Structure formats: C-alpha cells, structure tokens
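Chemist: Got a predicted structure plus its sequence, pasted below:
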2 protein chains.
Amino acid sequence: MYQPTSQAHPSLLSWNEGPTKNAIIDFVQSVTDAESTDFIHPSDRIAVFDNDGTLWSEKPAYFQFLFALDRVNAMAKTDAALINTPVLEAAIGGDIDALLDLGVPAILEIVAATHSGMSIETFQDQAAEWLKRARHPVSGMPFTSMVYQPMLELLDYLRAYEFNVYIVSGGGLDFIRVFAEDVYGVPPQNVVGSFGEARLEVERGKPRIMKDPGVGFLDDKEGKPLGIARHIGKRPVFVAGNSDGDLAMAQWSTAGEGARFAMFVHHTDAEREFAYDRESPVGRFDEALDAAPENGWTIVDIAADWRAVYGGEK
Amino acid sequence: MYQPTSQAHPSLLSWNEGPTKNAIIDFVQSVTDAESTDFIHPSDRIAVFDNDGTLWSEKPAYFQFLFALDRVNAMAKTDAALINTPVLEAAIGGDIDALLDLGVPAILEIVAATHSGMSIETFQDQAAEWLKRARHPVSGMPFTSMVYQPMLELLDYLRAYEFNVYIVSGGGLDFIRVFAEDVYGVPPQNVVGSFGEARLEVERGKPRIMKDPGVGFLDDKEGKPLGIARHIGKRPVFVAGNSDGDLAMAQWSTAGEGARFAMFVHHTDAEREFAYDRESPVGRFDEALDAAPENGWTIVDIAADWRAVYGGEK
C-alpha cells in the first residue's frame, strides 16, 4: 500500500544535490509563493507524469506488453485454437526483440487479443494477479518494485505543495489503474491513458462494461495533449516524461501563459537500471533530447542525479 | 463566483421536509458513518450529476443549443455564405420547436457548424461572452441564474461529507467547463461530457487544440457509463439525473456492490419552472420514470419537494 515519504515534510532525499534538484525546487518554491510574480493558484497546479520510463522501468519492453505476452501463453494453454494468427504464434515464442521489430500493428494485435472479450473488472483482476505473481526477466523483481524512488518523492513533494498530480500514459487506462493508487498514490480518476473500444452489456440483469478489441484512443505523442484537454481541461504547468512520446505534451503545456516546468528522464545508468535513448525501439528519446535544451527543459541524468533508482537500494 | 452555502454546516434549506429530503439525508448519514455496515470509504464516494434538467433548466431547449443558434445568426451576419445547408437556414429562422422536430442529426449539424474551426480557448471565450450577455427567452434571466438552488445545496452537502462530485452530461465538455467551476463549484477535471473530434495544431510555434466538426464521443444514454468508466474509473455510489438519458448511468451505478443511491428530478412545476416528462423531445422522462419505483430510486417532485427552484426566490 502506498505510503507517502512524509506528509508533513516531503523531501527529495534520493536526488543528489545539483542543478537538476535545484531546478525542481526553485520552480516549486517560486510558483507557490504568493508574493512571487510566478505564483500559480492551487487550482491551476496541474502536474502530469508519463508512466513507462518516467515512473517505472520499461525494459526490455513495456511491462504491460510483457503482461500481454504472458496472457497469450495462458490463452494457448486454455485453448490452442485461440492462437490463430502469425503474430500470436510469434508471441508464444517469447522473443521480445523480434516481436518489437514487428512494430506497432503487431503490438496492438497482441494487446487487442489479450485485453478484450471480458469485463473491465475481470481484466483488472487478471492484471492484479499478474502484478502480484510475475517477476521481471532481468532483475527478478516484482514489476511494482521497479518504480523510481526519486520520482515517488517528487510526486509527494508536488502534492505537499497542492499540485494535482496526474499520470498521462500511452499505456492502458484500465491496466495502470490497477496499481497506480497503491504504488504512486494516484487515484483512478487521475489516470489518463490509452483505451480500447468498449460497450455496456447486461448479463443476468446486471450491466457491466465489456472490453472490445478495437482501439478507442491512443494517448501517445499528439494524443497526449488531447487526452489532457479532454480529461483535465487545463494545460499542465509541470510535465515529466522520458521519450519522444512526451514531446507534444511538453510543447503544448509549456506554451501556456506563465511559469511552466518540463523535465525528461534520461536513461543513462546501465549498471543500476538501463541505458538507452535515440536508438531504442522502446522509449525512444531522440527529438525530445534535442528539443529539451532549446526549450530550457530540465534533463534528469539518472546516473548523475539519482542517489538511488529503486526503493530497496541503499 | 461560486460560494458554498456554508462550508461548515451545509444544509438542504431549499428542500421541503418529507420523504425525498429524508431519503437523501439517510443515505449520506449511513454511508459516512464508520460504524455502519453501509460505510463507504471517502475515496469511493463518487457522486455524478447530469446537468441539463438536473442542475439547471433545459427548456425550451438545451441552453447549449440556444447558444449554437445564436452563433448561427452571428455567422450569418459575418458571412452569409456560411449558411449553406437547409438545416442552417432553418436555424436562422429560430423556430425552436421546428428545429427540434428535425431530430438529432439536425441538432448535431448545427452544433458541428458552430463548435468547430477554432481553438478550445476561442470557443470558450465565445461561450463565456454569450453566458454573460444572453437572456432566457421565457424568464428573461441569465442562463446561469437558472440553476436549481436545492441542487446547489445538495452538491455542497455531499462535498461536506467528502463526496467527490462530478458532472456527467450529454452536453459538451468544453461548454460546461466554462461555467461549472463558478456556478457549481465543479472544476474542469470533474466534468465528463460529449466532445467533438480535435487535433493539435501549431500556429506561429505555439501548439493549440483545434475543434473539428466530427463527433468524438456522445456522453448520453449507454455512453454515460462508458464516459464515467474512462474518466473516473469507478462506479458512482450516488447518481442524479432527470431523463431517459440518465437511465443507463443509474442502472450501471446502482448495480455495484454496497449501498447506492439514485434520484431523478421530475419536472412537475409549470408555475415556477416547466412541467414535462414522457412526451417531451427535450429531457424525455419515460422509461426511467417507470424504472425508478421498480428499483427503489428516489423521484424528486419539484412542485412538492423544492421550497425554491432558483436562487433568487424567497
């Protein structure tokens, strides 16, 4: 269960002293100081965080995709006839790099096959069970232990200064909501994400929402500003991301009037986490890596800026 | 600017004593009593309110539709060539009943023509200006003065007991957000509504979201549970509506586990407001009027239950 680091005095203990930590603190102190010309009213203190690669790891592939692959294997055991396309057959093999090379249509096919044909509640039960049981293929850790301790502290720090913190993810809305409240302290209504088609169905007099295979909304790239506009209705003043998928969100948010802050997590630490940027099929950080300095956005260098990456470390 | 009736001791002063008021109070007291078997944790106290006919009047037609008709007339003055379809020509005439008889496609055409081709910000400036200037064709009142005083008190009452109050409307998201915070104390992120297609556009280096003519999502009837599931991620425990458009939302919400409350406002007061139900093209209350007693839902009889309808009354 989520426990704030300290509600009364949240700190950024896992951040090394230096310009990155100072930039965060300076912004927050300035916009929450009623005497400052940069003051932002609490109702406008909207902070948005990408999830994969920003709040938890995303290698060797998005964790939700690893969940989908496990579901394909479970489906194969239940009824081999369900594995009826080349992509689903490849998914059984479990060669993640080969699957990623197949590109977005293949990924969406695997997600559609494993994220539909059931109610939202049933899907979330499956996801919760997987998150409890499954272990990361490299670290051997539970996936929810691979959240970044410095970012948890940052969420707490912002909330202590009356920021309203949202997750804005290309990942699935129904999936993220399974763990976001416990792990991040972010309640379901503060999660903006991608979602599939769905419909209301009545079974034995009880209505429930069934998940269908089609894509309803992709909350990625140019979709993120749209998702925020529909869900929150305001331009955020604080944006955190880590990839080109977060570039449009950072551009749109910081184009608003008044003080704004954008930061990108740069995965520079092969020892404690993973090191990747411009060439990575997952979490590609290329255009945004160039755009950040041009726009005065803060780049978080994990190797240099984070004292610890995950919560269990000393 | 919105002012709570009394934050410390919110009351239901504009509700007459009787079974309707008692039903509301009994439910709220019961689910907020930690000793009660019906206790609901604050994080699950989700209350949803329809807008048109539930929080403010909706006759002779949805106020947003009256706004759209005024916009058609403004367009005609700017450039007569914009009025290039039979429906838009009919809209110039201003015969509201005749327009309503044309049905939903005509209404959507008028909304599309007046709610697109501009940024969200420009649209909201137009709507704000209209709400300030325009007067209701029957009462002569500003539209935002035609909100129901008993319902404002109910919103305050629920918030005092830590309910998280949302508007869930078939009306437009961008339109409702213009006045919901000032008039109801409901911030933009607590508004769920219909929306059109939109896209991110960059003008002189500044990204902004442009409203396009196509329908993105209709938050009405079976759409309301979907809109709630996507936006809030939980089944509400308290539902207020007034028409068949709210039936699916009430059925889905009250089918959840534990104590649930649903109420429908019945427009029975031709003297102080309007009287209509089964035969009305706007706010038709027919199936839901039959379903309410079968399901133990509360019907609010405006003539009998409300001491005052609007805020200015004695």
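Modeler: Yes, it's here.

Chemist: quick one: average confidence on the helix or strand hosting A:G216?
Modeler: Under the assignment given by DSSP states H and E, the secondary-structure element containing A:G216 is strand A:206-217. Average pLDDT, strand A:206-217: 95.

Chemist: Tell me the helices and strands packed up against the worst-scoring helix or strand of chain A on mean pLDDT.
Modeler: Among the helical and strand segments of chain A, the one scoring lowest on mean pLDDT, DSSP states H and E is helix A:96-101, with a mean of 88. Under the contact definition 3 or more C-beta pairs under 8 Å, 6 or more residues apart in numbering or on different chains; DSSP states H and E, helix A:96-101 sits against helix A:63-78, helix A:86-93, helix A:104-114. Any C-beta I mention is one placed from the backbone N, CA and C, and that applies to glycine too.

Chemist: CSV for those helices, including mean pLDDT, distance to B:A255 and mean neighbour count?
Modeler: Output for the helices and strands packed on helix A:96-101, formatted as CSV (pLDDT from 0 to 100; distance: least, C-beta to C-beta, whole Å; neighbours: other C-beta atoms under 10 Å in any protein chain shown):
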stretch, mean pLDDT, distance to B:A255, mean neighbour count
helix A:63-78, 95, 27, 18
helix A:86-93, 91, 34, 16
helix A:104-114, 91, 26, 18
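
Chemist: Let me have these in a markdown table, extended by distance to chain B.
Modeler: Supplementary listing: these in a markdown table, determined by distance: least, C-beta to the nearest C-beta, whole Å:
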| stretch | distance to chain B |
| --- | --- |
| helix A:63-78 | 16 |
| helix A:86-93 | 27 |
| helix A:104-114 | 17 |
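
Chemist: how is chain A carved up into domains?
Modeler: Here chain A is described, according to automatic domain parsing, as comprising the domains A:19-60+A:142-305, A:63-133.

Chemist: looking at those domains, which one has the lowest mean pLDDT?
Modeler: Per-stretch mean pLDDT for the domains of chain A is lowest at domain A:63-133 (a mean of 93).

Chemist: Let's see the distance spanning that domain from one end to the other.
Modeler: Terminal residues of domain A:63-133 are spaced 13 Å apart (C-alpha to C-alpha, to the nearest Å).

Chemist: how distant is it from the center of its chain?
Modeler: Mean-position distance between domain A:63-133 and its chain equals 19 Å (C-alpha atoms, centre = their mean, to the nearest Å).

Chemist: who touches the nearest residue to A:D38 once chain neighbours are set aside in this structure?
Modeler: Once flanking residues are discounted, A:D38 sits nearest to A:A259: 4.0 Å by C-beta to C-beta, 6 or more residues apart in numbering or on different chains. Contact analysis of A:A259 by C-beta atoms under 8 Å, 6 or more residues apart in numbering or on different chains lists A:27, A:30-31, A:38, A:40, A:237.

Chemist: Tell me which stretches of chain A form strands.
Modeler: Listed in chain order, the strands of chain A (DSSP state E) span A:46-49, A:118-119, A:164-172, A:191-203, A:206-217, A:238-241, A:261-268, A:275-276, A:298-301.

Chemist: Quick one: those strands as JSON lines, columns for distance to chain B and mean neighbour count too.
Modeler: Below are those laid out as JSON lines (distance: least, C-beta to the nearest C-beta, whole Å; neighbours: other C-beta atoms under 10 Å in any protein chain shown):
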{"stretch": "strand A:46-49", "distance to chain B": "8", "mean neighbour count": "25"}
{"stretch": "strand A:118-119", "distance to chain B": "10", "mean neighbour count": "15"}
{"stretch": "strand A:164-172", "distance to chain B": "7", "mean neighbour count": "24"}
{"stretch": "strand A:191-203", "distance to chain B": "5", "mean neighbour count": "19"}
{"stretch": "strand A:206-217", "distance to chain B": "4", "mean neighbour count": "16"}
{"stretch": "strand A:238-241", "distance to chain B": "13", "mean neighbour count": "28"}
{"stretch": "strand A:261-268", "distance to chain B": "13", "mean neighbour count": "24"}
{"stretch": "strand A:275-276", "distance to chain B": "27", "mean neighbour count": "18"}
{"stretch": "strand A:298-301", "distance to chain B": "20", "mean neighbour count": "20"}
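
Chemist: among those strands, which is nearest A:L55?
Modeler: Within the strands of chain A, the stretch nearest A:L55 is strand A:46-49; the backing value is 5.8 Å (C-beta to C-beta).

Chemist: which helices and strands sit right next to that closest one?
Modeler: Counting contacts by 3+ C-beta pairs under 8 Å, 6+ apart, strand A:46-49 is packed against helix A:149-160, strand A:164-172, strand A:238-241.

Chemist: Surely A:A90 touches A:I107?
Modeler: No. Counting by C-beta atoms under 8 Å, A:A90 sits too far from A:I107 to count as a contact (11.3 Å).

Chemist: hey, what's in contact with both of those two?
Modeler: Looking at what touches both A:A90 and A:I107 (by C-beta under 8 Å, 6+ apart), the common residues are A:L99.

Chemist: Find the nearest non-adjacent residue to whatever residue of the stretch 201-314 of chain A ends up closest to chain B, please.
Modeler: As assessed by C-beta to the nearest C-beta, chain B sits closest to A:G233 within the stretch 201-314 of chain A, at 3.0 Å. Closest residue in space to A:G233, ignoring its immediate chain neighbours: B:P188 at 3.0 Å, by C-beta to C-beta, 6+ apart.

Chemist: for A:A61, same thing?
Modeler: By the measure of C-beta to C-beta, 6+ apart, the closest residue to A:A61 outside its immediate chain neighbours is A:I96, 5.2 Å from it.

Chemist: partners of the strand holding A:G216 in the sheet?
Modeler: Partner strands and pairing direction for strand A:206-217 (DSSP bridges) are strand A:118-119 (antiparallel), strand A:191-203 (antiparallel).
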